[in-house]
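[1] Return a 3D structure for these sequence lines:
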Amino acid sequence: MNQTKAAGDFVFKALLPEDIQWMELPVLPQSARLADLVDHPPEHAPYVIRVKVSAGTRVMPHVHPENRIYTVMSGIFYIGLGEEFKAEELKAYPPGSVIVLPGNTPHFHWAKSGEYVSQIIAVGAIPLEAA
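    Residues are numbered from 1 along each chain as shown. Here you go, the predicted structure:
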C-alpha cells in the first residue's frame, strides 16, 4: 500500500496481521517475540508494538522508563506489580482489556493459561535493544 504524507511526521499506513514481522530480542525470554508496528523517529516518539509470549513463559520483574498502555489482543494477559515474581500477585486480563502502567513501575508477566498477545502504546525510545 502506498503511504501518503499527513500532518507532522506521520504517514498513512495499513498493516494486516499476516504482514506483522515478529522478532526475537535479548531483553525478552527466548519464547517471546516483539513486533514494531508504527514507524517513528528514533528519539521520544509515540510507538506501537506488540508482544507475543508463548504458553508457560514467565517475564521476570522489570521496569520501563515510559508510561505504557497495554491492550490485550488475544489470550489471557497475567500481570503483577512488584520487584519480585509472585504468582499470587498476578491478575488476569482477557482480550479487549486495557492496562495503564505508569513509567518505572516494577512488574512481571506470565503466560499462565496459554499464549497471549498484547499491544503497547507509549512515548519514548522504542525498546529494541538490551538495556
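[2] how many other residues sit next to the spatially closest residue to Tyr70 that is not a sequence neighbour?
    In space, and not counting its chain neighbours, Tyr70 is closest to Ile99: 4.3 Å by C-beta to C-beta, 6 or more residues apart in numbering. Backbone N, C-alpha and C define where each C-beta goes, glycine included. Ile99 is flanked by 16 other residues according to other C-beta atoms under 10 Å.
[3] Quickly note the distance from Ile99 to Arg68.
    8 Å (C-beta to C-beta, to the nearest Å).
[4] got it, and Val38?
    Counting by C-beta to C-beta - Val38 and Arg68 are separated by 14 Å.
[5] what about those two, which has more around it?
    Arg68 (21 against 14).
[6] How about the contacts made by that one?
    Val100, Leu101, Gly103, Ile120, Ile121, Ala122 (C-beta atoms under 8 Å, 6 or more residues apart in numbering).
[7] let's go with 6 Å and repeat that
    Leu101, Ile120, Ala122 (C-beta atoms under 6 Å, 6 or more residues apart in numbering).
[8] Mind picking the lowest-pLDDT entry from those?
    pLDDT is lowest at Ala122 among those; the value there is 89.
[9] ok, back up a step: what separates the residue nearest to Tyr70 from Lys91, distance-wise?
    9 Å.
[10] how much space between the residue nearest to Tyr70 and Leu28?
    18 Å.
[11] What pLDDT is listed against the residue nearest to His64 when sequence neighbours are not counted?
    What sits nearest to His64 in space, not counting adjacent residues and going by C-beta to C-beta, 6+ apart, is Gly103, at 6.3 Å. Gly103 carries a pLDDT value of 93.
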